[in-house]
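[1] here's my sequence, what's the structure:
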Amino acid sequence: MIFTLKPHDETSLQPLLLELFKTDILHLTHREMRGVSNNSWLGLRSEITQFVSENSIKLIIIDATGEPVILDNTIYGYGPSYLDMQSDLKKICKSIIITEDFSYYYKPVENILFFPYNLWIQSTRNIHKYYDYQDTVYDTDLEKTHPLMCLNRNLAWHRIYMLMLMYNKPWIDKVDFSFILSMGNRLENKPIISKYITEEEKEVIRLISTPIFLDYERDIPIWNIPVTYCQGASNVNGLAYTRNAVNLVTETSLTDGIALTEKTAKAIMAYQIPILVTNPGQCQFLEDIGIDMFSDFIPWRNWDQIENHKERMQKIVDFVDTIMQDTNAILKTHRDFHPRLIKNKERFHSDEFSNLLLKQIS
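    Numbers count the residues shown, from 1 in each chain. Next up, the predicted model:
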């Protein structure tokens, strides 16, 4: 049986955990663990200790999937890291962390289990089993008519920086490009922005009018644009995915944690050639698990291991600048890649791929 500290409606991983772990589990998620201070941890740990005793819990699962997480992050000393909390909870009963950090794929650690949940749930076509939304569309057209898409919502610093790099390019009007939240005072009020974006860069960004919508979204209220699994955000039958050959994916996090999300999965499902703005090493990871990253067209090895995020993004935009000089050539390359794109999607949805992703937790 699976327990939570407090009742809630979200199921998330619970059906899968019930299949894999045949014992009484306390399932701890971001709801309980994220943003905990050193002081509040003392109270939370006491609450967990009492709960484990009263319910005869045999296993605590610290679920660090769904959103990017840095397991050793103490928020500049503000609170315990996930690893610190696991260390404390081990004194109560067996405690494991489930993480989407791909470094644990290569270097497994006892009681820290790698599970790329966001890739897995898309690959299995089973979102309906874990969320209320029942009508996810996992398939779309193979033939494409437009060269490139790049969709952006949350105001993460790297998306703002990519906006700055791309906005004044002469080919931007040929891109299905969106940036659907207004910048507002984000540049002034988010410390992490100032950590990575200089004052000179902010001046350039302030000249860009936001929000920016896709041509077919301009008359849609922003609250009707799906953003979560529960709203159909994993569908790939939207026009951008149906018509674009290349997907420039600005992943959820570069610096706040390591995880690939539905944004990457959707490019594979939609028969697109992916270019990923993500953590260093993620392209190599995807290739290592059997996903074709089209290195003979996208020179991702030139930037995938670069630790400097801004340098990595500049190299990506420089490459995009090169290929956007001839959009017809992009479409021809995509047509030439049809057999590989089909094979990629078949691999992604295969039982073999699902079992590989489940390997450490099954």
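[2] contact partners for residue 176?
    By CB atoms under 8 Å, 6 or more residues apart in numbering, the contact set of residue 176 is 146, 148-151, 214-215, 239-240, 243-244. From N, CA and C alone the C-beta is placed, and that goes for glycine too.
[3] now render those residues as TSV, adding neighbour count and secondary structure.
    Below are these laid out as TSV (neighbours: other CB atoms under 10 Å; DSSP: H, G, I helix; E, B strand; the rest coil):
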residue	neighbour count	secondary structure
146	18	strand
148	23	strand
149	25	strand
150	24	strand
151	23	strand
214	18	coil
215	10	coil
239	15	helix
240	22	helix
243	17	helix
244	26	strand
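[4] how about the strands in the stretch 201-350 of the chain?
    Ranges of strands within the stretch 201-350 of the chain are 244-250, 273-277, based on DSSP state E, counting those that start in this stretch.
[5] now the ones you listed in CSV, with mean pLDDT and distance to residue 353?
    Converted to CSV, those look like this (pLDDT from 0 to 100; distance: least, CB to CB, whole Å):
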stretch, mean pLDDT, distance to residue 353
strand 244-250, 98, 19
strand 273-277, 98, 16
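[6] out of the ones you listed, which comes closest to residue 100?
    Residue 100 lies closest to strand 273-277 among those, at 14.7 Å (CB to CB).
[7] how far off centre is that closest one?
    How far strand 273-277 lies from its chain's middle: 13 Å, per CA atoms, centre = their mean, to the nearest Å.
[8] about what we covered before: turn the strands of the stretch 201-350 of the chain into CSV, columns for distance to residue 71.
    Conversion of these to CSV gives the following (distance: least, CB to CB, whole Å):
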stretch, distance to residue 71
strand 244-250, 23
strand 273-277, 22
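[9] out of those, flag the one nearest residue 180.
    strand 244-250 (12.6 Å).
[10] name every strand pairing with the closest one and say which way it goes.
    With DSSP bridges as the test, strand 244-250 is paired with strand 146-152 (parallel), strand 273-277 (parallel).
[11] and residue 226, what pLDDT?
    Turning to residue 226, the model gives it a pLDDT of 62.
[12] give me the low-pLDDT residue ranges for the stretch 151-300 of the chain?
    The stretch 151-300 of the chain contains residues with pLDDT under 70 at 222-232.
[13] mind listing the helices for it?
    For the stretch 151-300 of the chain, the helices defined by DSSP state H, counting those that start in this stretch cover 157-166, 186-189, 191-196, 199-206, 239-243, 262-269, 282-288.
[14] any idea which of those is most buried?
    When you average the neighbours per residue for each of these (mean count of other CB atoms under 10 Å), helix 262-269 leads with a mean of 23.
[15] and that helix, what does it pack onto?
    Judged by 3 or more CB pairs under 8 Å, 6 or more residues apart in numbering; DSSP states H and E, the packing partners of helix 262-269 are helix 117-123, strand 244-250, strand 273-277, helix 338-348.
[16] who touches it?
    Under the criterion CB under 8 Å, 6+ apart, residues 118-119, 122-123, 138-140, 151, 229, 233-234, 236, 241, 247, 249-252, 273-274, 276, 278, 282, 286, 291, 344-345, 348-349 lie in contact with helix 262-269.
[17] and that helix with strand 146-152, angle?
    Between the axes of helix 262-269 and strand 146-152, defined by axes from the mean of the first three to the mean of the last three CA atoms, to 10 degrees, the angle is 160 degrees.
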